[in-house]
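**Student:** take this sequence and fold it.
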Amino acid sequence: MKRLFKYFLQGLLLLGPLAATLYTVYVMFNYADKLIGDPLKEHCKLDIPGIGIVVLFISLTLLGLIGQTIIARPFIAFTRRLLKRAPLLNVIYTSLQDLFTAFVGKEKKFNVPVTVCMNKENNLWKLGFVTEKNLEEFGMKGMVAVYFPHSYAFSGVLYLVPEDSVKLVDLSPSEVMKFVVSGGVTKVN
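**Tutor:** Residues are numbered from 1 along each chain as shown. Predicted coordinates for the structure are as follows:
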């Protein structure tokens, strides 16, 4: 009986992460599909599974293309000027814009993995990512900004640390992020 339970747990261990991943993708797909697909079904009488995802993908791609043209730049500048006049909206907008840019923009921020000595007495180190190398504008010469993601969450903490406490990690940023987010469980290749 003990051996049977061990096999059950092993099967759960093999299937659990895959099932959770597939279910998450399924839920996200359905949500996006219903968001756009339901109005299309109502108004255009189109009942094609996945049409919402296709329309969303094409729309975002066209929006990105239009956003790169000279025609859209005045509208973008006007929108940003409006947001600057609304302090709370401006903080939210610029924070989200910077976050999106950090992951998918031209200036990716989480591409310098480092270890930081947090406590020399106990030899305590943390893995993180340098997000800003120059903090002179804060009056903190010789300091760098290091982002420390939390394990099993998509959040983290930003510390300003002495530059000499930081050591570069010779691994890809994605491997380090997976290692940290998994709580050190994921193996580094």
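**Student:** from now on I want contacts and neighbour counts done on CA atoms only, so please keep to that.
**Tutor:** Will do.
**Student:** next structured bit after the lowest-mean-pLDDT helix or strand in the chain?
**Tutor:** In the chain, the helix or strand scored least confidently by mean pLDDT, DSSP states H and E is helix 87-104, which has a mean of 70. Once helix 87-104 ends, the next helix or strand along the chain (criterion: DSSP states H and E) is strand 113-119.
**Student:** mind checking how far that following strand is from the chain centre?
**Tutor:** Chain-centre distance of strand 113-119: 21 Å, with CA atoms, centre = their mean, to the nearest Å.
**Student:** can you give me how far the following helix or strand past that strand is from the chain middle?
**Tutor:** Following strand 113-119 in sequence order, the next helix or strand is strand 124-132 (DSSP H and E). Chain-centre distance of strand 124-132: 16 Å, with CA atoms, centre = their mean.
**Student:** by contact count, what packs against strand 124-132?
**Tutor:** Counting contacts by 3 or more CA pairs under 8 Å, 6 or more residues apart in numbering; DSSP states H and E, strand 124-132 packs against strand 113-119, strand 143-149.
**Student:** closest to Leu12 out of the ones you listed?
**Tutor:** Among these, the nearest to Leu12 by CA to CA is strand 143-149 (27.8 Å).
**Student:** ok, and what's touching the closest one?
**Tutor:** Residues outside strand 143-149 that contact it (CA atoms under 8 Å, 6 or more residues apart in numbering): 126-135, 155-163, 177, 180-181.
**Student:** run me through the strand neighbours of the helix or strand following that strand, direction for each.
**Tutor:** For strand 143-149, the following helix or strand on the C-terminal side (DSSP H and E) is strand 156-162. Strand 156-162 has its sheet partners listed here by DSSP bridges as strand 143-149 (antiparallel).
**Student:** now do the partner strand and strand 124-132, the angle between them.
**Tutor:** Strand 143-149 and strand 124-132 meet at an angle of 110 degrees, taking axes from the mean of the first three to the mean of the last three CA atoms, to 10 degrees as the criterion.
**Student:** so for the lengthiest helix in the chain, mean pLDDT?
**Tutor:** In the chain, taking DSSP state H as the definition, the longest helix is helix 2-44. Averaging pLDDT along helix 2-44 gives 78.
**Student:** which one of the helices and strands packed on strand 124-132 lies nearest to Thr21?
**Tutor:** Taking CA to CA, strand 143-149 is the member of the helices and strands packed on strand 124-132 nearest to Thr21, at 20.7 Å.
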